[in-house]
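Asker: Predicted structure and sequence below. I'll ask about it afterward.
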2 protein chains.
Amino acid sequence: MQNTKPAIILSRPQMGENIGAAARAMANFGLTDLRLVAPRDGWPNQRAVDMASGAFDHIPAPQIFNTLEDAIADLQCVYATTARHRDMIKPVLTPAAAAQDAQRRVKDDEKAGFVFGAERTGLTNDETALCTAIIQIPTNPAFSSLNLAQAVLLVAHHIHEAQDNTAEYVLQHGDSPPASREYFENFFGRLEEELEIGGFFSAQDLKPTMLRNIRNMFVRADLSEQEVNTLQGMVSALIGKKKREKKAG
Amino acid sequence: MQNTKPAIILSRPQMGENIGAAARAMANFGLTDLRLVAPRDGWPNQRAVDMASGAFDHIPAPQIFNTLEDAIADLQCVYATTARHRDMIKPVLTPAAAAQDAQRRVKDDEKAGFVFGAERTGLTNDETALCTAIIQIPTNPAFSSLNLAQAVLLVAHHIHEAQDNTAEYVLQHGDSPPASREYFENFFGRLEEELEIGGFFSAQDLKPTMLRNIRNMFVRADLSEQEVNTLQGMVSALIGKKKREKKAG
């Protein structure tokens, strides 16, 4: 089966450590197609394997190429990750936008690749010209240098995010289901009753407003059934029912 | 002036290298408020400074606290970055959603913080309970471990992205302005004329469609003035005008 997920292409990487850290970032985010163009120290590289923390158990060995042209030959769209401004007419995307673009292309049976240049020099102008678009990672202009593996991490994260359907916000409820409105109101009615008995509503004309404010506070907390049970127990304890029960027992 | 940008809080960090790499990631993305809770090797820490690659020239020295409670006392909202599922009723956000939430709160003069646990163990349940929400970074379940500094990098990047107004897509045009429609059509009219002379439109009834397709191809390229000039020169060369001019000269 063809590997349709975007490829990560490291052009002329110098340090094995960075190749390994890039592979680790890829595995973290479910990418498996690593390509190396003329790695300085050849391949295999023990430093890369050491730094990968086992990532190469999750992704195949990288394909090795002599030139960037060869490495991207089968791809329809190729994003060049660069830090510097280029005097080159080329679309410039954020990593998030590029990842979404790549994801859309994957759905159209195209295959995308993200190219990263050598550690010190980045991509040459000729390498960049081979690519269909540029990615620039917005950073603090006064301190902008990201290392190679960090750039791969951010791009891989955005690719994963573009494919991911994790909800942006969920309330994690553990084992107990969220309380139904009825379940909650059953508690709230009792609370109101006990507050009345305890003389909480000194000014009866303010009672509706006070109750509304208290209800809002509890409703906002989006309680689980277990938590409503806990509140029931707290009310029992506060009104001395438990104590009385114990004494009676 | 109060530092309103979100704080990064490392709880019980073990390795100075990770503190330094976290500081570097913060400086990359314009964050300056680093707080350490009971760092194992104390503070200052030379390994942290070495790993920070000069980041501590851009951010103040971290504040040191004995407990997480003290470290977050002045914050209105605190996100706990955790990898594991917790049996705890708490909102769970993606880093992007948390960063947007934090950015919204900054505009309301609130201050947010992002808490990261110790390298091996992460945040304890008691530490997590102190926080108002949980961030989970979606990763490949089969290979999910991000190191501390990588988690800080991703969160800092999203905070920067939420504050950043970089366009998701721009076409970088270099020194030459995008061509006006008139500038382009002036070229296109000439191209049509020369194609006609050259016998390109063998079937005259297909000419409108062919012209439309050719126009679309050029329009899609979103040409600069300089590029239109280049195309003019290419047409001149192809029709032999330059050659003739040279010979005449």
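Answerer: Yep, that arrived. Everything numeric here is computed off the predicted structure, so don't read it as measured data.
Asker: Residue ranges in chain A under the pLDDT threshold?
Answerer: A:1-3, A:84-86, A:242-249 (pLDDT under 70).
Asker: can you give me the helices for chain A?
Answerer: Applying DSSP state H to chain A gives helices spanning A:16-28, A:46-51, A:68-71, A:95-107, A:125-130, A:148-163, A:181-197, A:207-220, A:225-238, A:241-248.
Asker: Same list (those helices) but as JSON lines, adding mean neighbour count and distance to B:Lys107.
Answerer: Where C-beta positions appear, they are placed from N, C-alpha and C, glycine not excepted. Below are these laid out as JSON lines (neighbours: other Cβ atoms under 10 Å in any protein chain shown; distance: least, Cβ to Cβ, whole Å):
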{"stretch": "helix A:16-28", "mean neighbour count": "25", "distance to B:Lys107": "32"}
{"stretch": "helix A:46-51", "mean neighbour count": "16", "distance to B:Lys107": "41"}
{"stretch": "helix A:68-71", "mean neighbour count": "19", "distance to B:Lys107": "44"}
{"stretch": "helix A:95-107", "mean neighbour count": "20", "distance to B:Lys107": "21"}
{"stretch": "helix A:125-130", "mean neighbour count": "15", "distance to B:Lys107": "37"}
{"stretch": "helix A:148-163", "mean neighbour count": "24", "distance to B:Lys107": "24"}
{"stretch": "helix A:181-197", "mean neighbour count": "14", "distance to B:Lys107": "33"}
{"stretch": "helix A:207-220", "mean neighbour count": "12", "distance to B:Lys107": "21"}
{"stretch": "helix A:225-238", "mean neighbour count": "15", "distance to B:Lys107": "32"}
{"stretch": "helix A:241-248", "mean neighbour count": "10", "distance to B:Lys107": "46"}
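Asker: Reformat these as a markdown table; add distance to B:His160.
Answerer: Formatted as a markdown table, the helices of chain A follow (distance: least, Cβ to Cβ, whole Å):
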| stretch | distance to B:His160 |
| --- | --- |
| helix A:16-28 | 19 |
| helix A:46-51 | 26 |
| helix A:68-71 | 29 |
| helix A:95-107 | 12 |
| helix A:125-130 | 24 |
| helix A:148-163 | 11 |
| helix A:181-197 | 40 |
| helix A:207-220 | 30 |
| helix A:225-238 | 36 |
| helix A:241-248 | 52 |
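Asker: Out of those helices, which gets nearest to B:Glu182?
Answerer: B:Glu182 lies closest to helix A:125-130 among the helices of chain A, at 28.7 Å (Cβ to Cβ).
Asker: related to what we said a few turns ago, rebuild the helices of chain A as TSV, extending it with distance to chain B.
Answerer: Shown next, in TSV, are the helices of chain A (distance: least, Cβ to the nearest Cβ, whole Å):
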stretch	distance to chain B
helix A:16-28	4
helix A:46-51	11
helix A:68-71	20
helix A:95-107	4
helix A:125-130	11
helix A:148-163	6
helix A:181-197	14
helix A:207-220	11
helix A:225-238	7
helix A:241-248	24
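Asker: Against A:Val92, how distant is the residue nearest the centre of chain A?
Answerer: Centroid-nearest residue in chain A: A:Glu161, 5.8 Å away (criterion: Cα atoms, centre = their mean). Using Cβ to Cβ, to the nearest Å, A:Glu161 is found at 20 Å from A:Val92.
Asker: Go ahead and confirm A:Ala97 touches B:Val170.
Answerer: No. The pair A:Ala97 / B:Val170 is not scored as a contact, 10.0 Å apart, by Cβ atoms under 8 Å.
Asker: residues in contact with the nearest residue to A:Gln232 once chain neighbours are set aside?
Answerer: Leaving aside its chain neighbours, A:Gln232 sits nearest to A:Phe187 (5.6 Å; criterion: Cβ to Cβ, 6 or more residues apart in numbering or on different chains). Residues near A:Phe187 by Cβ atoms under 8 Å, 6 or more residues apart in numbering or on different chains: A:228, A:231-232, A:235.
Asker: One more pass at 6 Å, please.
Answerer: With contact set as Cβ atoms under 6 Å, 6 or more residues apart in numbering or on different chains, A:Phe187 has these partners: A:228, A:231-232.
Asker: Could you do A:Ala25 as well?
Answerer: Here A:Ala25 is in contact with A:152-153, A:156 (Cβ under 6 Å, 6+ apart).
Asker: can you rerun that using 8 Å?
Answerer: With Cβ under 8 Å, 6+ apart, A:Ala25 has these contacts: A:149, A:152-153, A:156-157, B:150.
Asker: Next, count neighbours for the residue nearest to A:Gln136 when sequence neighbours are not counted.
Answerer: With Cβ to Cβ, 6+ apart as the criterion, A:Gln136 has its nearest non-adjacent residue at 5.6 Å, and that residue is A:Val92. Residues lying near A:Val92 (other Cβ atoms under 10 Å in any protein chain shown) number 22.
Asker: again, but for A:Thr81
Answerer: 26.
Asker: pretty sure it is touching A:Ala133, no?
Answerer: No. Using Cβ under 8 Å, A:Thr81 makes no contact with A:Ala133, being 10.3 Å away.
Asker: domains for chain A, by residue range?
Answerer: What automatic domain parsing lists as the domains of chain A is A:7-163, A:181-248.
Asker: B:Arg220: which of these is closest?
Answerer: Closest to B:Arg220 of these is domain A:7-163 (Cβ to Cβ; 11.5 Å).
Asker: mind checking how far the closest residue in space to A:Pro62 that isn't next to it in sequence is from B:Ile214?
Answerer: Nearest non-adjacent residue to A:Pro62, counting by Cβ to Cβ, 6+ apart: A:Leu34, 4.1 Å away. A:Leu34 sits at a distance of 40 Å from B:Ile214 (criterion: Cβ to Cβ).
Asker: before we move on, what about A:Thr81?
Answerer: On the measure of Cβ to Cβ, A:Thr81 and B:Ile214 end up 33 Å apart.
Asker: Same question for A:Asn165.
Answerer: Distance, A:Asn165 to B:Ile214, by Cβ to Cβ: 41 Å.
Asker: likewise A:Glu194?
Answerer: Separation of A:Glu194 from B:Ile214 (Cβ to Cβ): 82 Å.
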